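Q: Based on what follows, work out the 3D shape:
(chains A, B, C and D)
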Number of protein chains: 2
Amino acid sequence: MSQYSGKNRVLVAVDCIIFGFDGTEMKILLIKRGFEPEKGRWSLMGGIIHPNETLDHAASRVLKQLTGLENVYMEQLHTFGEVERDPVERTLSVVYFSLIDINKFKKQINQEYHSEWFPLKKLPSLIFDHRDMVELAKQKLRYKAAFHPIVFEMLPEKFTLPQLQNLYEGIFDTLMDKRNFSRKVLSTGLLIKQKDKERLSSKRGAFYYKLDKRKYQTKFNAFLNFIPNPTNLG
Amino acid sequence: MSQYSGKNRVLVAVDCIIFGFDGTEMKILLIKRGFEPEKGRWSLMGGIIHPNETLDHAASRVLKQLTGLENVYMEQLHTFGEVERDPVERTLSVVYFSLIDINKFKKQINQEYHSEWFPLKKLPSLIFDHRDMVELAKQKLRYKAAFHPIVFEMLPEKFTLPQLQNLYEGIFDTLMDKRNFSRKVLSTGLLIKQKDKERLSSKRGAFYYKLDKRKYQTKFNAFLNFIPNPTNLG
DNA sequence: ACAAAAGTGTTGTTCGTACACCCATGG
DNA sequence: CCATGGGTGTACGAACAACACTTTTGT
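A: Take a look at the predicted model:
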C-alpha cells in the first residue's frame, strides 16, 4: 500500500461563521442558499476547496467572495464529518470562524448571495448541521474572548466603553457592572482615550477609545482576565 | 452545479497524538512508519478514513488498532491542509489527541507498528508536519488542563499528590510549590484520600488518592483554577 | 545518623465584587 | 428642569503567592 492506491477520496468544503457587532448586539452573517438541495434556506457561507489551495486559503477566499474583505481575523474551528451530513454526497466541512468590523461590510459587494446579518439570539433555521457549527463557534468565541483581547477585531477604529461592554455582554450573554468593567479593561493598558465623543446614543456622549495596536500585538497571547463569571463559560 | 459535479475529492487521514504519563514525566506514543514514503522514520499513528465512518470513529479505530484501548479521552484538535504536506498525494489530516493511562497500554497488542513512548522533551525527528501537530497538541493540552480536571485521564485509579504535581509540572513545563499545589487540588473536592501509600519512589511513602468520579463528571465543564502561572500559557 | 522526599500553616498582597452618587446634555 | 445614559471611588472578602520546618524511613 505504498502509494495510497485503492483509497477513498471525499469532498471537502469550508464553511465560514462570520461574527460582527453593530454597536449594540452580536450578529452573524448568513446567506440564502442558491442551489439544491435546500435551496432558499439560510446557510453559512461555504465552498468546496480547490486542488491547490490550503484550507486557510480556501476559507479566506470564501470570506472574500461574500464580504469583499481580506486580512480579517480568522481561525479554524472544527471539522465536521458525519457521514450523512450532506444528503447529496459525503462532504467533510472544515469550519472557520471570523470576526469582522461590521461597518466594513458592504452588502453591495455581492448581491448574488442574498446575505443578511442575524442577531445571535434570533437565528433562523439553518441547513444541515450548520446550527451545531454556530453553537460551537459561540462557545469557542467565549473561551477565546475570556482570555485574549480578540473582540477588538469586531470594533471600528474608534469605539466607546459602553459599546465595548455591550459586546462582552453579548458574547457572554450576561450583564456586567460598568464600574468594574471599565476598571478592568482600562487596567490592561490596551486602550487610548480620545478627545472626542460619540454623541448618537446618549445625550452626554461617551468618549471614544482607540486600541493601542503596539500593545495589542504584544499582549494578544498573554493571558488577560476578561472572564465575567466563570460559571457562564461552560 | 446542483449535484456537486466536477468537484475535486481528496484523501483524508486521521492522525492521533497519544499522551501518557509514567509517574514522572509526560510521554507521547509514536510508531516507526512501516511503508514508503519515509519508511522507518518516527510518525504519529494514523490512517485513511473509511467511506462510511465519521471522523471521530476513524480516530477511535486508529487508536484501538495501535493500543487496543477503547473509550479513552479523545478530542479533535485541528485539520492540517497544506497542499504539499504529503509528497505522494494531497492528503488532509484531521488530528486528534487522546489521553491514556500508560499502564493500560501493553506493547504486545500490536507489534506490527513498532511503537515507542518518547518523553515530550526528547522527541525524535518526525515525518511530514507531525512536529507541528505535536506542538499544537501540547498547547491545547495546556489550555484545557488549566481549567478542566482533564489530566486524571492519564492517571491510574490510585495516584499520589507528588505524581499529580509532576504531571502538571510536565504539562506546563514549570515548577510549582507543593504546599500551594496540594491546597489547590484538594480544595476542588475531587480527590479521596486512601489509607495506603505508594512506597516505591520515596522512603516515607506518599498517600494514594482516588478521583471522586461522581464529582468529576459534574465538575468537568466547570471552570477550575489549575493555572500555575498565567504567563507560561501562551 | 543521615539523606531524601512527604506533609503541613501563616501572612501579606492582589484581585474581584458589591455597591451609590454626581455629571453632562438634549429635549 | 428632568430624563437618560456616562463616568467615577471605596470597602470587603476570596484567592493566590511566598515562605520553613517537622516527619518518616531506608540505607
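Q: close enough to count as contact, A:Val12 and A:Val94?
A: Yes - assessed by Cβ atoms under 8 Å, A:Val12 is found in contact with A:Val94 at 6.5 Å. Bear in mind the C-beta positions are built from the backbone N, C-alpha and C, glycine included.
Q: Overlap of the contact sets of the two?
A: Common neighbours of A:Val12 and A:Val94, using Cβ atoms under 8 Å, 6 or more residues apart in numbering or on different chains, are A:Ile49, B:Leu92.
Q: and A:Tyr216, what does it touch?
A: Contacts of A:Tyr216 by Cβ under 8 Å, 6+ apart are A:Pro149, A:Phe152, A:Leu190.
Q: Please state the offset of the helix or strand encompassing it from the chain centre?
A: For A:Tyr216, the host element (DSSP states H and E) is helix A:213-219. In terms of Cα atoms, centre = their mean, to the nearest Å, the centre of helix A:213-219 is set 21 Å apart from its chain centre.
Q: could you dump it to PDB, C-alpha only?
A: Provided in PDB are the C-alpha atoms of helix A:213-219 (Å, rounded to 0.1, in the frame of the first residue of the first chain):
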ATOM      1  CA  LYS A 213      -2.000  48.400  18.400                       C
ATOM      2  CA  ARG A 214       1.500  48.000  19.600                       C
ATOM      3  CA  LYS A 215       0.400  46.700  22.900                       C
ATOM      4  CA  TYR A 216      -2.300  44.700  21.300                       C
ATOM      5  CA  GLN A 217       0.200  42.700  19.300                       C
ATOM      6  CA  THR A 218       2.400  42.200  22.300                       C
ATOM      7  CA  LYS A 219      -0.300  41.200  24.700                       C
END
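Q: Just the buried residues of it, please?
A: Judged by neighbour count using 16 or more other Cβ atoms under 10 Å in any protein chain shown, the buried positions of helix A:213-219 are A:Lys215, A:Lys219.
Q: hmm, that helix touching DNA strand C?
A: No - using Cβ under 7 Å from any atom of the strand, helix A:213-219 never reaches DNA strand C; the gap is at least 14.1 Å.
Q: For A:Val151, which three-state class applies?
A: Recorded secondary structure, A:Val151: helix (DSSP: H, G, I helix; E, B strand; the rest coil).
Q: tell me the contacts of it?
A: A:Val151 neighbours (Cβ under 8 Å, 6+ apart): A:Phe21, A:Leu99, A:Ala145, A:Leu164, A:Leu167, A:Tyr168, A:Ile171.
Q: Give the rounded mean pLDDT of the lengthiest helix in chain A.
A: The single longest helix within chain A, with elements called by DSSP state H, is helix A:130-147. The average pLDDT within helix A:130-147 is 96.
Q: quick one: buried residues of it?
A: Buried residues in helix A:130-147 (16+ other Cβ under 10 Å): A:130, A:133-134, A:136-138, A:140-142, A:144-147.
Q: Would you mind giving these as a markdown table with distance to DNA strand C added?
A: Formatted as a markdown table, the buried residues of helix A:130-147 follow (distance: Cβ to the nearest atom of the strand, whole Å):
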| residue | distance to DNA strand C |
| --- | --- |
| A:His130 | 34 |
| A:Met133 | 30 |
| A:Val134 | 27 |
| A:Leu136 | 25 |
| A:Ala137 | 25 |
| A:Lys138 | 21 |
| A:Lys140 | 21 |
| A:Leu141 | 19 |
| A:Arg142 | 15 |
| A:Lys144 | 17 |
| A:Ala145 | 14 |
| A:Ala146 | 11 |
| A:Phe147 | 11 |
